[in-house]
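# Need coordinates for the below:
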Amino acid sequence: MMRNGSRMKWNVWLCCGLVAAVWAVESSSAQNREPLAVVAGEAIYDEDLLPLIQGQMQQIRRQEYEAKSKALESLLHQKLLEAEAKKRNVPVEKLLEQEADARVSAPTDAEVAAFYATQKDRINRPLEEVKAQIQQVLRQSKVEQARQTFLESLRARSEVAVYLQPPRVEVSYDPARVRGDAGAPVTIIEFSDFQCPFCERAYRVVKELLVKYKGQVKLAYRDFPLRQIHPQAQPAAEASRCAGDQGKFWQYHDRLFENPSQLNGVALLEHAVALELDQKQFDGCLASGKFRAQIEQDLQDGNRLGVNGTPAFFINGVEVSGAQPAAVFEKIVKAELAGIRQARPAQ
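Residues are numbered from 1 along each chain as shown. From the prediction side, this is the model:
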């Protein structure tokens, strides 16, 4: 097994190697432009590879940012603790003990019983035999939470400026499929699949986010049907666009996510009837495959951006992958709004 120090060195080496790979491809120098290969007298250069590996490059940039972000947060917390400990003339561990550990109460019998009830099948032992271990686990969890709360209080009253920025990409979208104020400064572009259960979960989170930040955030939808595992996703995507042909894309979109078990051919027609769409026009649109090429374009664009699952979001170009809790979206939205306010000239 790799020791912690060795593992850290390996991670740093790997991260540096990935960054170096990105730099090698992207930083082609005009003064020293050497071909990578020559085929039938035609040279192939670094920039010729970019369209083919853009998705992988985005993933590497994201990995680099995440590694740096975690390391930066850890170092920030360390510096804050050291500064506060120095101010009080106590060791860091003593500071944490005074401000966090000592304020944690012992787990109650009710807390122990509740924890045991949720883990009973996995533990597979009588409560009395594992009560002491559960108490220890619960106390440690409380201590970690208390320490985190103390760190957040230190940060709130300290001068902390973070300049590390997540990687951004340019992502286009269809103005006809935008929900919210078209002039909103924050744009969330979603690549999604109507049959994906994680997309259904994200749908509810993002819908609430749009209400909370009304006028400040808008949502643009793009199709990314995972055809191999979700056979109903492609027909649903086509049906939603056919509904959009009659000005009811978002109403149809909502019905699909709010009725995830109703995605077969008959159900798609029933949704159209419920929304009072022109049945002949809707049926003709579906039968013609009118929007298959556009859906395929969404898929190809997503692949180039490094999307390999659903849902995938880009908030002003910053990627959020998967069905994340609202706090993840809000953190980026708030940062974007704050940045916009700071960029505005003083009146």
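# could you give the mean pLDDT of the top helix by length along the chain?
Taking DSSP state H as the criterion, the chain has its longest helix at helix 46-88. Averaging pLDDT along helix 46-88 gives 90.
# Equivalent analysis for stretch 128-135, please.
So the average pLDDT for stretch 128-135 ends up being 93.
# just the helices in the stretch 51-200 of the chain please.
92-99, 109-123, 127-156, 197-212 (DSSP state H, counting those that start in this stretch).
# shaky segments in this protein?
Applying pLDDT under 70 to the chain picks out residues 1-32, 343-347.
# Kindly recompute the last result at 50.
The model of the chain has pLDDT under 50 over residues 1-25, 28-31.
# rewinding a little: ok, which of the helices of the stretch 51-200 of the chain comes nearest Leu75?
Proximity to Leu75 (C-beta to C-beta) singles out helix 127-156 among those, at 12.4 Å. For the C-beta atoms, the positions are set from N, CA and C on the backbone; glycine is no exception.
# rewinding a little: could you say which of the helices of the stretch 51-200 of the chain is packed most deeply?
Highest mean neighbour count of the helices of the stretch 51-200 of the chain: helix 197-212, a mean of 17 (counted as mean count of other C-beta atoms under 10 Å).
# count of neighbours near the spatially closest residue to Gln59 that is not a sequence neighbour?
Closest residue to Gln59 apart from its sequence neighbours, by C-beta to C-beta, 6 or more residues apart in numbering: Gly306 at 4.8 Å. With neighbours defined by other C-beta atoms under 10 Å, the count for Gly306 comes to 20.
# Is it possible to get TSV of the helices of the stretch 51-200 of the chain that adds distance to Leu256?
As requested, the helices of the stretch 51-200 of the chain are arranged in TSV below (distance: least, C-beta to C-beta, whole Å):
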stretch	distance to Leu256
helix 92-99	50
helix 109-123	33
helix 127-156	39
helix 197-212	9
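# who does the longest helix of the chain touch, helix- and strand-wise?
Counting contacts by 3 or more C-beta pairs under 8 Å, 6 or more residues apart in numbering; DSSP states H and E, helix 46-88 packs against helix 4-26, helix 92-99, helix 127-156, helix 292-304.
# Show me the domain layout of the chain.
When the chain is parsed with automatic domain parsing, its domains come out as 53-167, 175-343.
# List the buried residues of stretch 278-290.
Buried residues in stretch 278-290, counted by 16 or more other C-beta atoms under 10 Å: Phe282, Cys285, Leu286.
# from the residues you listed, which single one is nearest Gly317?
Cys285 (32.4 Å).
# OK, contacts around the residue nearest to the closest one when sequence neighbours are not counted?
Excluding the flanking residues, the one nearest Cys285 by C-beta to C-beta, 6+ apart is Cys242, at 3.7 Å. The contact partners of Cys242, taken as C-beta atoms under 8 Å, 6 or more residues apart in numbering, are Ala272, Phe282, Cys285, Leu286, Lys290, Phe291.
# Can you spell out which helices and strands pack onto the helix or strand containing the second one?
The one in question is Phe282. Taking DSSP states H and E as the criterion, Phe282 maps to helix 279-288. On a contact count with 3+ C-beta pairs under 8 Å, 6+ apart, helix 279-288 meets helix 233-244, helix 265-274.
# Sweet, I'm off.
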